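A.B. asks: fold the stuff below for me.
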Amino acid sequence: MDPCDVAVALKSMKIWVDSREQDTLMARRRLRQMGCPHERKALSFGDYSACCDALDLSDSVAIERKLGLDELANCYCKDRPRFTREFERAKQAGAKLYLLV
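C.D. replies: As a prediction, the model looks like this:
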């Protein structure tokens, strides 16, 4: 993609929000602040991804969001098997999964 194509694609960008992600007032506020439309849908892995007219990134890149160190520590201890499966699904798909704390 050349810079003009990127600019056009970014104008049509939409954020995918995993349907299992909690729909809280704070989450809606964060999404509004991003300044682009969003839509809930079941993602194979991660909490957020994106698409535009030319490209759907949901099968190749996603973000796994944790609100803080407490939630992250819980994922490494109590919920470790579920947390590990999330990253394994992304790896099997050949996708990148970024952890955002």
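A.B. asks: where does pLDDT dip in the protein?
C.D. replies: Along the chain, the model assigns pLDDT under 70 to residues 1.
A.B. asks: kindly list the longest helix within it.
C.D. replies: Secondary structure assigned by DSSP state H gives helix 80-92 as the longest helix of the chain.
A.B. asks: helix or strand right after that one?
C.D. replies: strand 96-100 (DSSP states H and E).
A.B. asks: buried ones in the host helix or strand of Cys4?
C.D. replies: Using DSSP H and E, Cys4 sits within helix 3-11. Residues of helix 3-11 classed as buried: Ala9 (neighbour count, 16 or more other Cβ atoms under 10 Å). Every residue, glycine included, has its C-beta placed from N, CA and C.
A.B. asks: following the chain past that helix, name the next helix or strand.
C.D. replies: Counting by DSSP H and E, what follows helix 3-11 is strand 14-18.
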